[in-house]
Structure formats: structure tokens, C-alpha cells
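>>> Here's a sequence, model it:
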Amino acid sequence: MASSSYRKKKYHVFPSFHGPDVRRKFLSHLHYHFASKGITVFKDQEIVRGQTIGPELKQAIRESRISMVVLSKNYASSSWCLDELVEILECKEACGQMVMTIFYDVDPSNVRQQSGDFGRGLHRTCEGQTEEVKQRWSKALTDVAKIAGVHSVRWDDEAKMIQKIVADVSKNLNVTLSRDFDKMVGLDSHLRKLYSLLCLESEEVRMIGIWGPAGIGKTTIARALFSQLSSRFPLRCFMGNLKGSYKKSIMGVDDYDFKLCLQSQLLSRLFNQNDLKVHDLCAIKEWLHDQRVLIILDDVEELEQLDTLAKETSWFGPGSRIIFTMKDKDILKAHGIKQIYHVDFPSEEEALEILCLSAFEQSCPQEGFEELAHKITALCGYLPLGLCVVGSSLRRASKDKWRHQLYRLETSLDRKIEDVLRVGYETLLREDRNLFLHIACFFTNENVDHMTNLLAKSNLEVTNGLNTLADKSLVKVSTDGRIVMHCLLQKLGRQIVIEQSREPGRRQFLVDPQEICDILANETGTESLIGISFDMSEISEFSISNRAFAGMRNLQFLKFYLSKPGLHLKVSLLDDMEYPPILRLLDWNSFPRKRLPSTFRPECLIELRMQFSKLEKLWRGVQLLVNLKKIDLSYSFKLKEIPNLLEASNLEIMRLVFCKSLVELPTSILNLHKLKKLIMKGCKKLQFIPTNINLASLEEIDMSNCSSLTSFPDISRSIKHLNVRNTKIREVPPTIGRHWSSFTWLHIGSRNLKTLSYVPESITKLDLRNSHFITIPDSVICLPFVKSLIIQNCSKLVSLQGLPPSLWCLDATDCRSLTSVFHSFDDPCASFKFGNCVMLEEEARRRIIQQWEYNHVCIPGREVPINFTHKAKGNSIAIPLGLHGEGAFLASSRFKACFLLSPVKGYPHFYITCRLRSKEGILPKEVEYWISGLSPKFLTEHLLIFCGDLFQTDKCHELDVTMSEILFEFSCRGNDDKIIECGVQILREEGESSSSAMECYETGGNNNHHTDGEYEAENTL
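Residues are numbered from 1 along each chain as shown. Prediction:
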């Protein structure tokens, strides 16, 4: 039985009810709460009721994900209601639609037995009807009464009952809002108004704008909306901070390339592919004109951004919703957006609650603070961001501090947004203010460790200061360790720096590109300057005087970067230019000279980053580099020589990625005893590496794609990860890795690797992709701890005679000569990829498929195997239970599922959802799998097989209703149409299949199974 795609459903809920009983009170309240949660309900007010239900009503039932039957006292008095019920149950039978019941002031037994007042109403309705109609109505009422539901007589508070109904519907629809937005005051009201503009039941493409002042909460509302809507759209993307990340160039920059970059970014995110390339500005329309998408473009600043990313509704498929947030309403009008939602300031009560949540961590003022809280709320102008900042600065503060804050706010009643934000800044101690300005001007979106290293010898207490700023809502630290500052707060900090002096050269930091150009050309910098952050994308041509830095004796941070890569800059820079003597950071992207001047003194330098430079060497001789911790010269294609690093005793990271002209590493590297990472991927001319690199701290070496490298690095015992894939290395020396417990990851595969007589036994992940083995070497089979083995694209491999006993992940994708597999896979966590192994013998395929339990398997195949006892075309299958619903599955039952997939082009990433649903609408189980990196493309049909628990036994309990079947519904996000056929096998004990009925089930519950996989498309040797 093919399941209906949720993407084609027009409504979330179809309500069946007797209007005079429930419409004015109960149902109207229910509709209100549904709307606040974004649940779309079919409304029949415009349908003229007749003797029988019409085709439009039948269509509405079929286009709803849930039918909700409200059984009231007079429900059976309406032939319309009874015909509606029959149609609902037929839809449930035919396509597995969920049916929920509400027994409103009526006893379920009266419905089931058609007795009492309910039965008398049915009797009157049946008068004059045929016996066939009477039997159909009676059976429908009996069947619907068996569906467990809500009984209104059991509830003393109808409002709470309605909240429970809405929560149950939300859970079943899987559209519940993320808890990230629990404390957003007034969010429900915002979302309800936005839903009315979005008109989600319509199949037309809609563009709407969210407009309001900075700091009002537009981005938070948009993110909450995205969180709630994303599950309804197969393709969705939240493109944040367009103003900050994708700002249009202003001088000498190719507008066409800028627009291509924007379209590439959007499509890459929508399709979850890195750096998806586009070649013309028709790309979005060509890719998305037939796709139902949800796109939110946040903080749009220019009309050209809208024209580039969403010029017309015809660019997107039916049902798409495109949402923009911005401060400038004129841009929305110019783009022809008529549906605009204005985010207004919160009411006095809501503003007070926002302040109290930040200051008292509760929704109302603490006793004794009521008057102060009301006054400060008013003085903050009800701006949400200002309320949060001021409230955080007063957290656990005394009344005296509140009064002092109130006094300060009273002096700035007419100030605008920056003035409100300034209050939080001015509550800081001097050191914390200084750190705030450092972040605002230089370290926003930088890693915490990066900033900590650069400020280690300053008078700033970075760790404590950062905690203070975070507590006062002035910064946040992201989950990946980056410092996040709101753009308004960043502007505030930069404005404060501007106020330090009318002369830019006398300020603490410089960030304005034109001011920086003027100072570098005119030598007007002074000792006040400690940092320059220069986005060269904003200036197409500039020159730097040889004494430009002469007056900047205290300059510590010098950063020249390109926010838009690929630009062709014209920079006039003299060889004998003088650099500041106490630089801690020199970060110069696309440095234009062959070397740094002889006068350059890096004694204080902590980080040296010169990516994409024209450097051939850094400097002559030995420099004092005692403070240097990081060198990054990646993509310096002309770099031929690394300087003597004898004095770089504290160097921790050296990145030389794709330095294609580099031939050797200096022997001075042997003195870098604190070096942790050496990354030299793609250094194609690298041939010579010093021997005996016995460095106590070195944990990671990446020399992959160093295609001239012939000798295995003579590494130290501290190494954890070594990547020498796609080199000319032919063997691992037996002296490497003996008794080295920390050496766990080895990537060594290449076309030159034809044998492997030795592998350190400590290895847990071994990558042999692209190698020319015929069989797996014995040295690999005997490894005791290997968990992951990658043999992708081993084109000469014909047999897997044995594999390591501890293996749980095998990737043999594109081993197109592989014919036989002789190995027993016993680990239930195991996953195996045999994508495009088109030569596998039938016996090998059978052995792999019949392994009783594993995480997942991908293997070529043309039909679901016969041992999957339940099979169906499409992506869903119904499994009947025992006769009359008797019998049971065990609580410990597991299942094995199989898809037959048609060939997939590109890089498939399968996000598989498996829903187990009883015929009666009960949802015992929902399982989600993430399986990525299956293959660059499937050459033929493939089978994707995976296992899972049928129930969560700790939540399992006896059924109290009769169940006749259980429905498996499978969904591969974005690839549902690729599922040709599916099959299921029930496993009760090891190796034992079952088709018996179920004795227990669980309500709700999510199990998330994540299966790691990888596939790299790269040039092999």
C-alpha cells in the first residue's frame, strides 16, 4: 500500500462535528489554539450543507493529515456528520490517515452501543434510510468508539483539556516548537499573525516581509517560525545575517560574481552540499521552479540581494514560502512585497516580563522591586534587546544599584537604540569595557582560544571578562566556541571607539576601510592604535607608504582580509616597509610581496596568517620567535622555503595546505617540541621530510595528496592521526607504531599501495581508499582494535576473505571488481557500504543481507529479498496482526527494513524516518536514521537495509483497544520518489522472524540513530 506524501497534504486537521453542539464555544477555542501553534484546520463555513457530503468535503478529508471526530450528544442526529464519519474511516482504511476522537459530553459506550440519547438521535436519523445505509452508519460509530480519545467528563477545566488536545495533535504532526524559544515573550502572538499572512493551506507561492527596528526581535521570530515550519518543507534554508555576511561590494568588484556567490550559498544550504557551483544567474529558478521550499533571508539590507536570491515567485515551486527580515520597509515595497508583518514594540506588561526574566529569572518583579522595575521598563523604551541587556546588568543587584541605574536611564530618555545598549556597556568595569571594545572591533565571530592566546600577555582578564560579558547579554559563546556579539552591540562598540577622537589615527581601533587607506597612505597613525581590521573587499586599489606604520609603535593586531574571495586587488607596497615592533597578530590575506622586509622583527608575534600570499619565503636567517604559536601560509602557491624555526619553541600549529611549490621541511622542525598539528595537504612537490620527528606534543600530521612524497614520515610516539593518502608511499615501516597506544587513525590509501605487510595494532580507523589490493592484507585482518575500515574505490579488490574481528563500519563503495565476501558480521552496531559493487556474487550478497542484525547496509540489488516477508511497492507497508487482532509481538521485538532505490545522482544524504503506526492511529514508534556518504552516484538499483527496535521496552504496556495491523511508513528526505519498493521483517529473537500480532506498544518517543559515513571526491594518483 503506497502512503500519501505529507508534502501533498493541504490541511493538518479535518474536524468532524455537530455545529450546534460545539461550534460557538469549544470548537472556536480549539481553532484559536491550533492557529497559535501553526496547525492548519479545514473550515467548512462556506460549504452549503445538503443531504449528502459533496466532493469538496471528501477532497478536504483526503487532503488532511489527521481527522478529528468530535462526538457530541447530537452528532448522530445529522446524516451529514454520519456520512462524514464513514468517509473518514474509509480514508483511514485506504491510506492510513490518523483519526483522533473527542467524546464531548457523551459516554463512549453510548456511541459504541448506540444507546441513550445518542442512540435515540441515530434512530431518528435512520428513519426512511435503506438497511445498507443504517448498517454503514452503525458500524462507523462502533468502530470510531473503539479509538481511544479524550473524554470531556473527565476534565474539570475545559481550557486544560483543549491544551492537551492541541499538544497531542502537535506531537503527532511533529511540528512542536523548539524549546530554544520558550522564554520569548509574546512569540505565540507573533507566530499566529504570521501564519495568517503565510496562508499555508494555499498552493500559491508567497513572499512576506518581517519589518521592524533593530533589536526588536525580528531574527528570533524568524528562527522560531523556521523551527516550526521546517518539517513541512522538503527543502528549507535559514540564511542568516545577509547584511553582515554577504554585503555587496562598492568599488571595483564584479557585481556578477557577487550575485553568483549569493546564489551558490543559498543552493548549497538548501541541498546540503558544500560549495555548490553555479554558472549563471538562472540557477535558482532552474533548480527550484518545481520544488516546494521554505527560505528565510535574514537582515536583508539591499534590494539587489532580494533580486539575486528571490526575484520572482515563478522561481519557486507551488506551496513555497519565502520570508525576509529587514529594517528598511522601502526595500520590501520596491520588491513588490505586499504582505508585510510589522514587529511592534511589546506592550507594557510584556516589556516588564522581558525585563524580569532577565533580571529576576521569573516573569514578575521580586517583592519590593515592583516600582523600580516598572520605571526602568518604561525608560528602556520597551525595546526587547535593551530590556534584556539592562535586566542582565541588574541580575541579583541591590536596590541601591537599581536606583543608580534608574538615575542613569532618566538622563537619556530621548536616546535611540544605541543609547539603550550603552547602558549595559557603562555598567562594566574598565577592564571589561576594554574587552568589549576588543571584541566589537576585532574578535567578533573569532574562536575563544584565538582571542585568549592573542590577549594572554595583556592586562585583560579574558576568561572572567568574557563570562561577565556573557552574563550581561553583551556576548554569547556558540557551541563551536566562537564569540558572538549582536550586530547592534558591535556597532555600539565601534561608535564608542570613534568617539575617542575626531582623528582616526588617534583611536584605539580602526575598522573603516577608507579611513584605514587614508592613514596607511598618509602616515597619520599614532601610538594610540592597537588594532587594524581591514576588509580589502571594500577597496579595489590602495597604496601603503613605506613608513605607514612608523607612528604606530603600539600596534598589536594587524588584519587584512577579504570578506568576498576571488577579488583582484591592486596594492602598492614597498619591499622596505617598516612594520610595528610589537605585533602579536599579522594576518594578511593575499600578501603581494615575495618576502617580508629584512627589518621585520617578529619577536612578539603570536600568530602569523598569510593565506593566498605571493610569498616565496618569509625571511632570511633565524628570527627570534619565542611567542609564535601558529603559522598558516596555506594556498601560498609560490612558497618554496620554510624559514629556520629553531627559535619557535612554542609553535603549536603549522598549516601549509596546498603550498604547491614547497619541496622540503627544514630540519629545524625537530626543535618544535610543542607542535601539535602539522597540516600540509596538497603540497604536491614535497619530497623531503626530516627523520626522527620525535616531538612529544605532535598529535596530527596531514600530508595527503602530497603526490611526490615517497618516504613514510618518521614520526614520534605521541601521534594520534596520520594522513598520507594519495602519496607515493608504498609501505608502513615495521618500526612505526610498536606499543604506541595513542596512534589510532591512519589514512594511507593510494594507487601506489599494492601491499601492506605491517600496520600498528593500536589503529582504530584505517583508510585504504584508492589502493591496488587484490585481497585485504593479513596485517589488516589481524588488527585487534579497528572499528572503521575504508576501502573505497579499490578497483582491483576482488575478495574479502577476512576482516578485523572488532570491525563495525566497512566502506567498500566503488570496489567494482569485488566478487566475494567471506566474513560473519556479528556486531549489531555495524554498518556496511557496498555501493556500486556491481560484481558481487549472489552468494556474497545473500550472506550480507541475511546477517540478522546491523545498523545499515547499502548493496546493489534489483528487488527486495524474499526473506523480507512483508513487501509492498512504494514507501509504506501494512503488516496484518493475528486473526481478530489476537497474538502479540514481544516487547523485545526488532525489525529489519529494506528499500529498493532507483539510481541516485550526485551526493545522496539519506535522512530516513521510519514511522510505525497502528491501523487505529496509535503511533507506537518513530525512528530516525542519518546515513550519509553512500556513493557519488548509484550506477544501478540498490538495496538500503537497516535494523531497529520495534519498541522502547521501558515504555511498553498492554493495549486496551483491538489492533488489526501496524503500518510502516518510510521517508528519505528529498528522495522519496527514489523508493521503488520496501520490505519489512520482524525479528523477535536472534535470527527469528515473526509475523505474529503485537501485545504491547509505546506511545510517542523518538530514537535517533546516526550513522557516520564519508565519501571524498578527489583526484587520485
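
>>> Quick check: next helix or strand after the helix or strand where residue 493 lies?
In the assignment (DSSP states H and E), residue 493 maps to helix 487-498. Elements were assigned by DSSP H and E; along the chain past helix 487-498, the next helix or strand is strand 509-510.

>>> Tell me the strands beside that next one, with direction?
Here strand 509-510 has these sheet partners by DSSP bridges: strand 531-535 (parallel).

>>> what angle do the strand it pairs with and helix 487-498 make?
Using axes from the mean of the first three to the mean of the last three CA atoms, to 10 degrees, one finds that strand 531-535 and helix 487-498 are set 130 degrees apart in direction.

>>> Mind listing residues that contact stretch 506-523?
For stretch 506-523, the external contacting residues (CB atoms under 8 Å, 6 or more residues apart in numbering) are 437-438, 441-442, 494, 497-498, 500-501, 504-505, 524-526, 528-536, 538-539, 542-545, 547-548, 550-551. All C-beta atoms are positioned from the backbone trio N, CA, C, and that covers glycine.

>>> Run a quick check on residue 705 versus residue 726, I expect a contact.
Yes - when contacts are counted by CB atoms under 8 Å, residue 705 is listed as touching residue 726 (4.8 Å).

>>> Looking at the two, which one has more neighbours?
Set side by side, residue 705 and residue 726 show more neighbours around residue 726, with 28 against 24, by other CB atoms under 10 Å.

>>> Out of the helices and strands in this structure, which is least certain?
When the helices and strands of the chain are scored by mean pLDDT, DSSP states H and E, strand 1000-1001 comes last with a mean of 29.

>>> relative to its centroid, which residue of the protein is most remote?
Distance from the centre of the chain peaks at residue 128, with 60.8 Å (CA atoms, centre = their mean).

>>> Could you pull up the residues touching the closest residue to residue 897 other than its chain neighbours?
Nearest residue to residue 897, sequence neighbours excluded (CB to CB, 6 or more residues apart in numbering): residue 984, at 5.3 Å. Neighbouring residues of residue 984 by CB under 8 Å, 6+ apart: 868-871, 877, 879, 895-898, 968.

>>> Please pick the buried ones from those residues.
Buried residues within these, defined by neighbour count using 16 or more other CB atoms under 10 Å: 868, 870-871, 877, 879, 895-898, 968.

>>> Looking at these, spot the one nearest residue 589.
For residue 589, the nearest member of these is residue 897. The distance, counting by CB to CB, is 49.8 Å.

>>> That closest one belongs to a strand?
Yes - when classified by DSSP: H, G, I helix; E, B strand; the rest coil, residue 897 is found to be part of a strand.

>>> quick one: contacts for it?
914, 945-948, 968, 970, 982-985.

>>> Apply 7 Å and report the result again.
914, 946, 968, 970, 982, 984 (CB atoms under 7 Å, 6 or more residues apart in numbering).

>>> wait, which of the residues you listed is closest to residue 607?
residue 946 (45.7 Å).

>>> burial of the closest one, as a residue count?
Other residues within reach of residue 946 by the criterion other CB under 10 Å amount to 23.

>>> from what I can see it touches residue 849, true?
No - in this structure residue 946 lies outside contact range of residue 849 using CB atoms under 7 Å: 11.8 Å.

>>> just the strands in the stretch 51-200 of the chain please.
Remark: strands of the stretch 51-200 of the chain, listed N- to C-terminal, are 64-71, 98-103, 150-151; assignment by DSSP state E, counting those that start in this stretch.

>>> The second one to strand 64-71, inter-axis angle?
Using the same axes, to 10 degrees, one finds that strand 98-103 and strand 64-71 are set 20 degrees apart in direction.

>>> Right, I'll call it a day here.
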